[in-house]
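> sequence and predicted model, in that order:
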Amino acid sequence: MEDIDLEEDTEQFHSKTKSNVEDTEQRLVVLRLSKII
């Protein structure tokens, strides 16, 4: 069924978005640390 495919696509999208958010947070942390030093 198409519904199942749609759910899978949504899951993949969310997991990509989540990893992007985590990458951005890590960069922000590194930036803050480099400013402190």
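All right, it came through fine.
> for the protein, which segments count as helices?
In the chain, the helices defined using DSSP state H lie at 2-36.
> below-threshold pLDDT in it: ranges please.
By pLDDT under 70, the weakly predicted segments of the chain are 1-4, 37.
> again, 90 this time
Residues of the chain meeting the criterion pLDDT under 90: 1-10, 13-14, 34-37.
> Lys35 and Phe13, how far apart?
Using C-beta to C-beta, to the nearest Å, Lys35 is found at 33 Å from Phe13. C-betas here are computed from N, CA, C, even on glycine.
> so the two - more neighbours on which side?
Phe13 (10 against 7; other C-beta atoms under 10 Å).
> contacting residues for that one?
For Phe13, no contacting residues are found, by C-beta atoms under 8 Å, 6 or more residues apart in numbering.
> what does Ser34 give?
Per C-beta under 8 Å, 6+ apart, neighbours of Ser34: none.
> around Asp9, count how many other residues there are.
10.
> Gln26 too?
10.
> how far away is it from His14?
19 Å.
> then Val30?
Distance, Val30 to His14, using C-beta to C-beta: 25 Å.
> again with Glu7
Counting by C-beta to C-beta, the gap from Glu7 to His14 is 11 Å.
> just Leu31 next, same as before
Separation of Leu31 from His14 (C-beta to C-beta) stands at 26 Å.
> cool, and Asp23?
Taken as C-beta to C-beta, the span from Asp23 to His14 is 15 Å.
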